[in-house]
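Colleague: could you work out the structure for the sequence below:
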Amino acid sequence: MSVANDPRFETLRNALASAATPPLEAIDRDGTRLEAAVALVLRGGPSLDFLLIKRATSERDPWSGQMALPGGRWELTDSGLLHTARRETLEETGLNLEVHGVPLGRLPDVVPSSPHLKPLRIAPYVFGVPDSVQAMVASHEVDSVHWVPLAALHDEAARSEIRIERPGFSKKFPSYNVAGEHVWGLTYRILAGFLERSSV
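Modeller: Just a heads-up that it's a prediction; the model follows:
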């Protein structure tokens with residue numbers, strides 16, 4: 001079924017449009033704050049599935065090995081953060097949202113709570129894609145890709161928590177337990193915010 005013919009996407013578009021979101025800030029081009037965007041990609045079919053990636057292990061990546069939404073930092077050649085979300089999704093998963101994706105809305109910005117990271121703003125965009133669309137590992141920065149039924153996030157059995165241990169630091173964080181992995185941190189916050197605003 002195409003995105004245009006799937007009534008769930010229209011319902012979702014209306015729900016996101018009516019949800020209160022803060023006004024968009026201009027991109028900080030002087031580098032005081034890092035700018036980034038992620039794509040919450042929903043695939044039609046018998047169930048709505050969303051796309052997650054598992055980031056490859058890397059000492060240079062503060063989110064090394066974590067489950068995440070495809071996305072990354074804004075670059076000077078990007079026309080805006082929507083462009084960033086599309087470009088990064090293509091680079092990481094081979095999924096061309098310019099061709100196959102329909103923008104459904106935008107969620108409020110999220111910022112990391114860690115004081116050890118440079119100031120960063122992440123803009124989450126929601127897209128709908130047809131059920132025929134596939135994704136793959138298309139970058140050395142990605143270990144695996146997963147389509148997860150959206151209904152799994154509504155299942156109480158998926159609600160969990162994870163303890164993060166760092167030198168001199170130990171804390172529990174809420175998480176979703178899906179695809180055999182914990183989804184926590186910024187990705188958890190984006191998904192939880194999406195569920196609060198959506199009705200699918």
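
Colleague: so which residues of this structure form strands?
Modeller: For the chain, strands defined by DSSP state E occupy the ranges 34-43, 49-55, 67-68, 71-73, 102-106, 120-129, 142-149, 159-166, 169-178, 181-184.

Colleague: lowest average confidence across these, which one?
Modeller: Among these, strand 159-166 carries the lowest mean pLDDT, a mean of 84.

Colleague: next, the angle from it to strand 169-178.
Modeller: Strand 159-166 runs at 150 degrees relative to strand 169-178, counting by axes from the mean of the first three to the mean of the last three CA atoms, to 10 degrees.

Colleague: just the CA coordinates for strand 159-166, please, in CSV.
Modeller: The C-alpha trace of strand 159-166 is given here as CSV (Å, rounded to 0.1, in the frame of the first residue of the first chain):
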residue,chain,number,x,y,z
ARG,A,159,9.1,-1.2,29.1
SER,A,160,12.4,-1.7,30.8
GLU,A,161,15.4,0.1,32.2
ILE,A,162,19.2,-0.1,31.7
ARG,A,163,22.0,0.7,34.1
ILE,A,164,24.8,2.7,32.5
GLU,A,165,28.2,2.3,34.1
ARG,A,166,31.0,4.8,33.5
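
Colleague: for it, packing partners?
Modeller: With contacts taken as 3 or more CB pairs under 8 Å, 6 or more residues apart in numbering; DSSP states H and E, strand 159-166 sits against strand 169-178, strand 181-184. From N, CA and C alone the C-beta is placed, and that goes for glycine too.

Colleague: tell me which of those strands sits most buried.
Modeller: Stretch with highest mean neighbour count among those: strand 181-184 (a mean of 22; mean count of other CB atoms under 10 Å).

Colleague: who are the packing partners of that strand?
Modeller: strand 67-68, strand 159-166, strand 169-178.

Colleague: okay, those strands in JSON lines with distance to Leu95 next?
Modeller: Shown next, in JSON lines, are these (distance: least, CB to CB, whole Å):
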{"stretch": "strand 67-68", "distance to Leu95": "15"}
{"stretch": "strand 159-166", "distance to Leu95": "27"}
{"stretch": "strand 169-178", "distance to Leu95": "19"}
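
Colleague: nearest to Arg121, of those?
Modeller: Nearest to Arg121, of all the helices and strands packed on strand 181-184, is strand 67-68, at 16.2 Å by CB to CB.
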